[in-house]
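Chemist: structural data only, the sequence is not supplied:
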């Protein structure tokens, strides 16, 4: 099969990672796979072709190309609903929407939210573009709201890559204190502003060295000391997660967060919110009400000081990870594409 993954940019986020994982797998299975994109800046190993969409690297250039160019592939996969809409003008019979989140959640304003909902309605209910969703909950939402043709392929983690690995380099950076790890993203959905409010409550402990704050992701200013490693390859991320005492992940909205799965696989307990629907409070994570910084602060203190709770959470997380295999996800994703091809 000739398969195209179409996206404006290929960066180092969880969504980009799943595109790379599936593209690499499909290529290894003998399919002719290309990632069409205009911006490439990723730490992930891409083992398939990457082609530039257009000479104009702006989003406008990507959109214009999507609208006017007819593509010669068996399947075209796009994970943003607006991009599915633009591609549908010339390629609607070969589209597969790879839903990694509900795109309406990207926006705060009422007008934009309603516009995105209308585009979902047009693409999924009117055009009947088939969907592959990364979580059961997201699949249920798209079926209920738009009567979408949805298959669910849950995100998975590779436990040959992510496992407890307490590396001496990172252990030496900890000294004798505890490490709180955060994911630094300016995207409002990811709740980094909430993480800053939570960690500000621990400023005294941070200043005296009892607690260190580590981050991976974007370089964002915060009102306390922080060590930001940036976006790192998988082997470094594994070591950072394994040497951290807790991941603080106060997200406002998620599809199915890879970073949480990777932390759980590395034995790093997670404090998160109800937006992360795959975890159970006091079973495999500590789960707080979405947006509640005070509750996150209490949960963070609990996981740092109570070894009994910490051990229970880590054990529960290891058990949970067994049902989130990236190998199973890859096989199911390929099967769905092959099944859908006959309907295009």
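Modeler: Thanks, I have it. This one's a predicted model, so the numbers in the text were calculated from it and none came from an experiment.
Chemist: now residue 265: how far from residue 2?
Modeler: 34 Å (CB to CB, to the nearest Å). Quick note: C-beta positions are derived from backbone N, CA and C, even for glycine.
Chemist: what's stretch 331-344 in contact with?
Modeler: With CB atoms under 8 Å, 6 or more residues apart in numbering as the test, stretch 331-344 has contacts from 1, 3, 22, 25-26, 29, 74-75, 77, 93-94, 96, 130, 132, 151, 153.
Chemist: make it 6 Å
Modeler: Stretch 331-344 is contacted from outside by 22, 74, 75, 93, 94, 130, 132, 151, 153, using CB atoms under 6 Å, 6 or more residues apart in numbering.
Chemist: same question for stretch 43-51.
Modeler: Residues external to stretch 43-51 that are found in contact with it (CB under 6 Å, 6+ apart): 12, 17, 20, 23, 24, 27, 33, 34, 35, 36, 231, 233.
Chemist: just those: which are in strands?
Modeler: Judged by DSSP state E, those include 33, 34, 35, 36 as members of strands.
Chemist: how about the helices in the stretch 151-300 of the chain?
Modeler: In the stretch 151-300 of the chain, the helices defined using DSSP state H, counting those that start in this stretch lie at 168-174, 192-200, 203-207, 234-243, 258-265, 293-305.
Chemist: circling back to that earlier point, buried subset of the contacts of stretch 43-51 as a ChimeraX selection?
Modeler: Of those, the buried ones can be selected in ChimeraX as follows, counting by 16 or more other CB atoms under 10 Å:
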select :12,17,20,23,24,27,33,34,35,36,231
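Chemist: coming back round to it: could the contacts of stretch 331-344 go into TSV alongside neighbour count?
Modeler: Converted to TSV, those look like this (neighbours: other CB atoms under 10 Å):
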residue	neighbour count
22	24
74	16
75	21
93	11
94	23
130	19
132	23
151	18
153	23
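Chemist: tell me where the model's unsure across the stretch 201-344 of the chain.
Modeler: Along the stretch 201-344 of the chain, the model assigns pLDDT under 70 to residues 341-344.
Chemist: re the thing from before, mind checking the helices of the stretch 151-300 of the chain for the one nearest to residue 318?
Modeler: Among the helices of the stretch 151-300 of the chain, the nearest to residue 318 by CB to CB is helix 258-265 (7.3 Å).
Chemist: and the helices in the stretch 1-150 of the chain?
Modeler: Counting by DSSP H, counting those that start in this stretch, the helices of the stretch 1-150 of the chain are 14-28, 59-68, 81-91, 110-120, 136-146.
Chemist: ok, which of these comes nearest residue 179?
Modeler: helix 14-28 (21.5 Å).
Chemist: for residue 123, see how far away residue 131 is.
Modeler: Residue 131 is 9 Å from residue 123, by CB to CB.
Chemist: again but with residue 215, I slipped
Modeler: According to CB to CB, residue 215 stands 36 Å off from residue 123.
Chemist: now do residue 148
Modeler: Taking CB to CB, one finds residue 148 at 9 Å from residue 123.
Chemist: ok, now how distant is the closest residue in space to residue 249 that isn't next to it in sequence from residue 257?
Modeler: Nearest non-adjacent residue to residue 249, counting by CB to CB, 6 or more residues apart in numbering: residue 272, 4.4 Å away. The gap separating residue 272 from residue 257 is 8 Å, by CB to CB.
Chemist: same deal with residue 240?
Modeler: To residue 257, residue 240 is 16 Å away according to CB to CB.
Chemist: do the same with residue 184
Modeler: Remark: distance between residue 184 and residue 257 (CB to CB) = 14 Å.
Chemist: quick one: which of those two has more around it?
Modeler: Taking other CB atoms under 10 Å, residue 184 and residue 257 do not tie; residue 257 has more neighbours (25 against 21).
Chemist: so who does the more buried one touch?
Modeler: Per CB under 6 Å, 6+ apart, neighbours of residue 257: residue 276.
Chemist: from residue 77, how far off is it?
Modeler: Distance, residue 257 to residue 77, using CB to CB: 20 Å.
Chemist: again, but for residue 25
Modeler: In this view, residue 25 and residue 77 are 13 Å apart by CB to CB.
Chemist: do residue 208 as well
Modeler: According to CB to CB, residue 208 and residue 77 sit 50 Å apart.
Chemist: these two: which has the busier surroundings?
Modeler: residue 77 (26 against 9).
Chemist: give me the three-state assignment for residue 327.
Modeler: helix (DSSP: H, G, I helix; E, B strand; the rest coil).
Chemist: number of residues surrounding it?
Modeler: 12.
Chemist: same question, residue 26
Modeler: Quick note: residue 26 (other CB under 10 Å) scores 22 neighbours.
Chemist: now it: closest residue in space that isn't a chain neighbour?
Modeler: residue 33 (4.9 Å).
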